[in-house]
Every structure is written in C-alpha cells, then in structure tokens.
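Undergrad: here are the coordinates; sequence isn't available:
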C-alpha cells in the first residue's frame, strides 16, 4: 500500500518535471539562403565588391561579415571571384519557429561598411516555421537607397 | 440347559469385579501424592533435604578440557563484537553507500547537463563545407 502510494507520487513528480522541462525544449531550425547577382549585374560590377555583410532582423537578430574566401577550398567569396554570378549559400540557425526572419545582404565597394561605400544589396523575408530546413534566395542588385549596416 | 445362564452370570460378575479392581487401582495411583503425574503439576516448595549447589561452586564442570576450549562460534561472536566497535568510516557499508551517492551524484550532474543541453537544442548541425558560412544560434561567431 505504501509502495504504491510512493510510486504514484514518484510518477506525479516525474510527470511534472517532464512537463516543466518539456516546456523549455528548444530545437534548431535552419534557413539556407542562396545569394546571387541579378541578371544585369555584370562580372565587372561584381568585381568592385570588397566587403559583404549579412544582417538578420525580425524574429531573430544578428549581423556578420562574409569571409574573403572559403577556408576549406580557398574559393573566393567576397570579394567576388570565381563564384560569380552565384555568391553562394549561407545557413542561418535559429530556435525561432514563428514570425518572420528578414535577411539583408549588403555589398560595399570599399572595406569599410559605411553607407558611402554601399554598392549593392538584396533581401528576403522567410517565414519561420517548425520545419528543420527552410530555403530562400537573395538577389543582389546595385542600389542607391543604402545598405543595412 | 439350566447351567449355561448361571455360567454366564458368573462370567459377568467376574468381569465386573475385574473392572472394579482396575478402577480402584487407577484411583490409588492417580490420587496418591507420590505419583509422577501429580508431581509434574505440583508447585510445592522443593524439599530442604536436597541442598542446591551454588553456581560458583558448580561442580558440574566437564572433565573434558576440549569442551571448555573456545569454539569457532565464540570467535565469530568476538569478531562481531569487535566489528560493532569499529568507527563508522571503517565499515564497508559506509564506503559502499558513500560511493553509491558519489557515483549517483556524478551521473546526475552529467546526465542533467546532457539533458539540459539537449533540451536547449543540443548541438547545432555541422556547417556544410560548400556554404559561404553558417551563422546564428549555436554557431561560432
């Protein structure tokens, strides 16, 4: 009798603990975004790019700079080289599974990421979902309206 | 023909006399104070004629010395008594329980840490080498 009561209490505690832990459970969601140049963006124009930035806003926030080249293959990324007209794909990991993720890629013709050096930009909005991987595309075009910094 | 019933009556009286004698004997045996059946239930004081020997003067010691020698059981009892006098940290049970608690605590910490890590998303998946880069939660800055 005592043992069964103890087991009942133990089960209740385990259930409460599981529910508490379960509420705080997180899982990664990945957003793979391909960055490419629009059709009118020539190789000569692409060659002027010296620095590329990524900014995320909305459901999640953050900012990063694309590396000069791939650390594994040595292929140039930004500045642009052989990767024209497709700059490449980046992956963004987030715990968010709702809301909108706003991705902006800015390209500068100087190594300083200031508005005066803004050369090209592109953006996309991706709805955060419970899917593990969501894909998207950003098309870079020359801009006069400024870059995200 | 007339002698038969008389003979029967003689036999019946003989049986009756025999039964009467047996009953009388039984009464005497049970009724007398020296009978063993009565003495077993008797709570009278023991007779003073047979003085009881004192324990210190007990002469009923066995002549065989081997019977007085310590037996293995005595050694076991003595060892148990010695074990009872040991400090708590000298007992194997203490170390067994302590070890169990320590191992359990370590397992709990490691398991809890792993569970906490898992509940917080676990490890981010490896970055595809063909990607420009991987950013966001769990990724190195």
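TA: Structure received. As the structure is a computational prediction, the values presented were derived from the model and not from experiment.
Undergrad: contacts, neighbours, all on C-alpha from now
TA: Noted.
Undergrad: how about the residues of chain B by chain A?
TA: B:119-122, B:124, B:127, B:129-139 (CA under 8 Å from any CA of the partner chain).
Undergrad: filter those to the buried ones?
TA: Using 16 or more other CA atoms under 10 Å in any protein chain shown as the burial test, the residues of chain B next to chain A include B:119-122, B:124, B:131-139 as buried.
Undergrad: could I get those as TSV with pLDDT and secondary structure?
TA: Shown next, in TSV, are these (pLDDT from 0 to 100; DSSP: H, G, I helix; E, B strand; the rest coil):
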residue	pLDDT	secondary structure
B:119	85	helix
B:120	80	strand
B:121	80	coil
B:122	85	coil
B:124	90	coil
B:131	91	coil
B:132	90	coil
B:133	91	strand
B:134	94	strand
B:135	95	strand
B:136	94	strand
B:137	90	coil
B:138	89	coil
B:139	86	coil
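Undergrad: now the helices for chain A?
TA: Remark: helices assigned in chain A by DSSP state H are A:2-23, A:43-46.
Undergrad: could you tell me the least trusted of those?
TA: Of all the helices of chain A, mean pLDDT reaches its minimum on helix A:2-23 (a mean of 58).
Undergrad: residue A:57 contacts residue A:101, doesn't it?
TA: Yes. With contact defined as CA atoms under 8 Å, residue A:57 reaches residue A:101; the gap is 6.1 Å.
Undergrad: now residue A:63: closest residue in space that isn't a chain neighbour?
TA: Spatial nearest neighbour of residue A:63, excluding adjacent residues (CA to CA, 6 or more residues apart in numbering or on different chains): residue A:55 at 4.4 Å.
Undergrad: and the one you found, how many neighbours does it have?
TA: Residues near residue A:55, counting by other CA atoms under 10 Å in any protein chain shown, number 18.
Undergrad: distance of it from residue B:79?
TA: Separation of residue A:55 from residue B:79 (CA to CA, to the nearest Å): 78 Å.
Undergrad: same check, this time on residue A:43
TA: For residue A:43 relative to residue B:79 (CA to CA), the value is 95 Å.
Undergrad: now do residue A:126
TA: Distance, residue A:126 to residue B:79, using CA to CA: 79 Å.
Undergrad: between those two, tell me which one has more neighbours.
TA: Set residue A:126 next to residue B:79 and count neighbours by other CA under 10 Å: residue A:126 wins out with 18 against 12.
Undergrad: dig out what that one forms beta bridges with.
TA: residue A:101 (DSSP bridges).
Undergrad: am I right that residue A:98 is in contact with residue A:127?
TA: Yes. Counting by CA under 8 Å, a contact exists between residue A:98 and residue A:127, whose distance comes to 7.0 Å.
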